[in-house]
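Enquirer: everything below, folded, please.
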Amino acid sequence: MIITSTYERLLLDQRQRLWEQMKALADRASAERRDLTAEEDQTWGRLSRDMDDIDERLQAEQRRAMRDRDSQETIARIQGQPATRGVPSLADAGLVEEFRHRIRTRSREPIDIRWDSPRSGYQPGIERRDLLTTTGSGLTGTTFYGTLLEHMVEGSAILAAGATLITTGTGERLAVPRTTAMSTASIVAEGAQIPESDPTLGSVVLEAYKYGFTVQISNELANDATFDLLGYLAREAGTAIANGAGAHFVAGTGTGQPNGVVGAATTGKTGATGVNGAFTAEDLIDLYHSVAEPYARSSAAAWLMNNSTLGAVRKLRDDSGGTAGTGGFLFDITPPPGSGAVGTLLGRPVYVDPNVPAVAPGAKAILFGDFSRYWVRQVGAVRFERSDDYAFDRDLVTFRALWRADGDLIDTTGAVKAFVGGAS
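Expert: Have a look, this model is predicted:
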């Protein structure tokens, strides 16, 4: 038999273990020249039923693999290309079938999924830490939550831009200490008293606001072998949570909701008056250099704006060396590979989020800085739960996604700065 997927290998391993347990029962009874006891007979029956179930799933997996190969070959023939017979991953090949099996059998046993990219090379600020208010940090394992987070990164620009994500084990208020001013040193004359200069300390308190939603699907849909149920639910949960929490991470007021990075950012450049808040190429260069050099050269330094503002940015030219309107564009449409950005501006990636204010007098329309200094605190993992009883009269399966989180700019000394439109 040709093994076509990691999932099939997993099933075969489980079947082998069951067979070894059944063989051990039979060998023990044979060595003692007796029949199986009542307890052993019950165990034999349970193991036999489990093996039958695995055999059914193996047959289903082999049929699925055959359909996939036939589809690939058909498409390849139509396109005039050789067929690619890649080995499906565990998530692609078996996770969906396993997920449906749990629904059919009403099993509440969790399905473990290893997230292979808990930290991104192009987004070094996105971190996953397991924190308590009294303990240090450590990497945490994931289940279905890893899939949800990937979609949240796609849907929330502040996370994609490099915000630091921390996980706390409990939901009480989390005080994060910070410095707002450093000690200063000065020349001291011989024999003179050395002046005292203490750093100014403060703290940011992160709460745990609860975001949630429910989605219902029919049992017919759950058992449809051709429908990617797990991917659908992951997209639904990720999009819903990202749209709710992500909007607050950008533009939240800080009262009853996260404090968004727009409100927390300090002013780096104010535009000219009488132009309805518009900006120039020189304004963006000034904004870039208003950020302290360690922040500006950070690997998480980036731009954040909405799509209409990006349209205006793309029209700006560098006319420092020639006639106006003839220089090269400041915006480069080629983003850093795999960054999720839409391009680069002055060498730094640009992220777009609809919650950033539009260009207007007094509006913070463009942000630049080190977005790893914006912290997103979450309590535990995303809770993804199922109820078969809630909509029993309609034969619906109800899923619920809950996420407790908060966010704030931890460093307000100038890590992220904003362009503010000038007065009309």
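Enquirer: which residues of the stretch 301-424 of the chain score low on pLDDT?
Expert: Counting by pLDDT under 70, the stretch 301-424 of the chain has low-confidence residues at 319-326.
Enquirer: beta partners for residue 174?
Expert: Taking DSSP bridges, one finds residue 206 as the beta-bridge partners of residue 174.
Enquirer: pretty sure residue 278 contacts residue 420?
Expert: No: between residue 278 and residue 420 there is no contact, the gap being 12.0 Å when judged by C-beta atoms under 8 Å. C-beta: built from backbone N, CA, C; applies to glycine.
Enquirer: more neighbours: which of the two?
Expert: Neighbours of residue 278 and residue 420, each counted by other C-beta atoms under 10 Å, are more numerous for residue 420; the result is 25 against 16.
Enquirer: longest strand of this structure?
Expert: Ranked by residue count under DSSP state E, the longest strand found in the chain is strand 396-409.
Enquirer: how far off centre is that strand?
Expert: Averaging C-alpha coordinates over strand 396-409 and over its chain gives two centres that are 13 Å apart (C-alpha atoms, centre = their mean, to the nearest Å).
Enquirer: that strand - contacts with which helices or strands?
Expert: Packing contacts for strand 396-409, counted by 3 or more C-beta pairs under 8 Å, 6 or more residues apart in numbering; DSSP states H and E, involve strand 200-206, strand 209-218, helix 219-222, helix 229-251, helix 261-264, strand 374-379, strand 383-387.
Enquirer: tilt between that strand and strand 209-218?
Expert: Orientation check (axes from the mean of the first three to the mean of the last three C-alpha atoms, to 10 degrees): strand 396-409 against strand 209-218 gives 160 degrees.
Enquirer: and strand 396-409, which strands flank it?
Expert: According to DSSP bridges, strand 396-409 forms sheet pairs with strand 209-218 (antiparallel), strand 374-379 (antiparallel), strand 383-387 (antiparallel).
Enquirer: can you show me the CA trace of that strand as CSV?
Expert: Taking Å, rounded to 0.1, in the frame of the first residue of the first chain, the C-alpha atoms of strand 396-409 are listed here in CSV:
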residue,chain,number,x,y,z
LEU,A,396,-27.5,23.0,13.8
VAL,A,397,-24.1,22.9,15.3
THR,A,398,-23.2,26.1,17.0
PHE,A,399,-19.6,27.3,17.3
ARG,A,400,-18.4,30.1,19.5
ALA,A,401,-15.1,32.1,19.4
LEU,A,402,-14.1,34.2,22.3
TRP,A,403,-10.9,36.3,22.8
ARG,A,404,-9.9,38.5,25.7
ALA,A,405,-7.5,41.1,24.8
ASP,A,406,-6.3,44.7,25.3
GLY,A,407,-3.6,46.9,23.6
ASP,A,408,-1.6,50.1,24.2
LEU,A,409,1.5,51.8,23.2
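Enquirer: in stretch 271-278, what counts as buried?
Expert: Judged by neighbour count (16 or more other C-beta atoms under 10 Å), stretch 271-278 contains these buried residues: 271, 277, 278.
Enquirer: so who does residue 276 touch?
Expert: 359, 360, 361, 421, 424 (C-beta atoms under 8 Å, 6 or more residues apart in numbering).
Enquirer: let me redo that: residue 345
Expert: By C-beta under 8 Å, 6+ apart, the residues touching residue 345 are 284, 303, 313, 330, 331, 332.
Enquirer: rerun at 6 Å
Expert: Contacts of residue 345 were listed using C-beta atoms under 6 Å, 6 or more residues apart in numbering, and they are 303, 331.
Enquirer: at which residues are the helices of the protein located?
Expert: Per DSSP state H, the chain carries helices over the ranges 6-31, 38-79, 90, 96-104, 145-155, 157-160, 219-222, 229-251, 261-264, 281-290, 293-296, 307-313.
Enquirer: out of those, flag the one nearest residue 383.
Expert: helix 145-155 (8.8 Å; C-beta to C-beta).
Enquirer: what mean pLDDT does the closest one get?
Expert: Helix 145-155 shows an average pLDDT of 64 in the prediction.
Enquirer: picking that back up, for the helices and strands packed on strand 396-409, which has the smallest mean pLDDT value?
Expert: Sorting these by mean pLDDT places helix 219-222 lowest, at a mean of 77.
Enquirer: buried sites along that helix?
Expert: residue 222.
Enquirer: partners of residue 202 in the sheet?
Expert: Under the criterion used (DSSP bridges), residue 202 bridges to residue 178.
Enquirer: so how far is residue 177 from it?
Expert: 8 Å (C-beta to C-beta, to the nearest Å).
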